[in-house]
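A.B. asks: Provide a 3D model corresponding to the input given below.
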Amino acid sequence: MLIVDNDKQSRQEFCSIIQDSKYNFLSIYESSTADRALFLLKQNKPGCMIIDLSLPDMNGIQLGRTALEMYPDLPVIVVTHLKMFSLVQDAINAGFSAYLLKALSKTELIETFERVLTPELSKQVNTMMNRAQGELVSDLSKPIESAIHIIQERYNESLTLKGVSDQVYLSPSYFSRMFKDETGKSFVEYLAFVRLQKAKTMLRLSSLPIEVIANNTGFSTAGYFATTFKKHVEITPSEYREQFYWTEEPPLIKA
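C.D. replies: Take a look at the predicted model:
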């Protein structure tokens with residue numbers, strides 16, 4: 001979540017609302033200027049962007065337009081004191097997701113999140129809040145596609161080659177060969193790849209402990225997760241997270 005507002009108190013109020021909601025697992029990036037906001041946008045795509053229109057170095061409407069040029073599906077929420085029809089019209093024409101007036105209530109902001117958040121982020125929130133264990137229906141005409149769907153949806157479970165091959169009605173040996181032929185990866189390699197991609201997203205977008213992320217992405221222990229992560233990504237999970245965990249100012253670079 002990226003909050004761009006020149007008023008420190010407003011930023012603190014937004015952070016408090018978010019941290020007291022079901023979205024409290026999200027990392028929150030703050031900026032008092034458009035220039036800093038653009039830097040943070042280039043570092044990583046946020047799940048949502050909240051902007052005030054009165055910024056010291058750029059019009060908030062222009063900042064929002066620039067953000068949408070970078071990420072067309074990014075929900076941009078305007079929260080401002082300015083109650084002017086022309087600004088509302090500009091925001092609508094720019095493709096912003098919502099235009100809210102300060103001071104807004106917690107209910108109003110959270111209801112806006114529910115309405116505008118991208119499907120992918122909403123799915124992540126719902127997964128973390130409610131682990132529904134529904135059975136997936138396999139398409140017998142496309143067994144590997146069905147297997148990939150199973151992995152993508154249930155990567156956090158204890159999946160095995162035999163268990164997945166049984167769900168697509170193939171023998172383990174034939175399924176293994178067919179899976180490698182169609183994906184270019186073995187079942188174990190692909191499962192690890194999916195889990196690591198999901199873990200990267202959680203590391204970037206949340207402040208959840210490493211142990212929790214390991215558990216939520218299907219790794220048996222935090223140690224095994226860290227070892228696998230470093231093997232494939234070449235840095236530790238903590239080092240990876242640090243690349244995206246800058247808030248108001250970037251880290252100092254020592255000579």
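A.B. asks: CA atoms for contacts and neighbours, from now on please.
C.D. replies: OK.
A.B. asks: assumed residue 79 was part of a helix.
C.D. replies: No. Assignment of residue 79 by DSSP: H, G, I helix; E, B strand; the rest coil gives strand, placing it outside any helix.
A.B. asks: what is the burial count for the closest residue to it other than its chain neighbours?
C.D. replies: Of all residues not flanking residue 79 in the chain, residue 100 sits nearest, at 4.7 Å (CA to CA, 6 or more residues apart in numbering). Close neighbours of residue 100, defined as other CA atoms under 10 Å, add up to 18.
A.B. asks: contact partners for residue 100?
C.D. replies: 77, 78, 79, 80 (CA atoms under 8 Å, 6 or more residues apart in numbering).
A.B. asks: go again using 10 Å as the cut-off
C.D. replies: 52, 77, 78, 79, 80, 81, 82, 83, 88, 108, 109, 112 (CA atoms under 10 Å, 6 or more residues apart in numbering).
A.B. asks: ok so it is a strand residue?
C.D. replies: Yes. Checked against three-state DSSP, residue 100 lies within a strand.
A.B. asks: how far away is it from residue 113?
C.D. replies: Between residue 100 and residue 113 the distance is 12 Å, computed by CA to CA, to the nearest Å.
A.B. asks: packing partners of the top helix by length along the chain?
C.D. replies: What stands out as the longest helix in the chain, according to DSSP state H, is helix 187-205. Applying 3 or more CA pairs under 10 Å, 6 or more residues apart in numbering; DSSP states H and E, we find helix 187-205 packed against helix 119-129, helix 143-154, helix 161-167, helix 172-183, helix 210-216, helix 222-233, helix 237-242.
A.B. asks: surely residue 36 meets residue 55?
C.D. replies: No. Residue 36 is beyond contact range of residue 55, at 11.3 Å (criterion: CA atoms under 10 Å).
A.B. asks: give me the common contacts of the two.
C.D. replies: By CA under 10 Å, 6+ apart, the residues touching both residue 36 and residue 55 are residue 4.
A.B. asks: who has more neighbours out of the two?
C.D. replies: A count of neighbours by other CA under 10 Å puts residue 55 above the other of residue 36 and residue 55, at 19 against 16.
A.B. asks: quick revisit: which of the contacts of residue 100 has the most neighbours?
C.D. replies: Neighbour counts for those peak at residue 52, which has 30 neighbours (criterion: other CA under 10 Å).
A.B. asks: ok, residue 62 touching residue 94?
C.D. replies: Yes. If you go by CA under 10 Å, residue 62 and residue 94 touch, sitting 8.8 Å apart.
A.B. asks: joint contacts of the two?
C.D. replies: With CA under 10 Å, 6+ apart, residue 62 and residue 94 have common neighbours residue 68.
A.B. asks: find the residue closest to residue 91 in space, skipping its chain neighbours.
C.D. replies: residue 61 (6.5 Å).
A.B. asks: which ones are touching residue 216?
C.D. replies: 127, 128, 155, 156, 157, 195, 198, 199, 202, 210.
A.B. asks: please redo it, this time with the cut-off set to 7 Å
C.D. replies: residue 156 (CA atoms under 7 Å, 6 or more residues apart in numbering).
A.B. asks: tell me the pLDDT of it.
C.D. replies: Residue 216 carries a pLDDT value of 90.
A.B. asks: let me see the mean pLDDT of stretch 2-19.
C.D. replies: Mean predicted lDDT for stretch 2-19 stands at 91.
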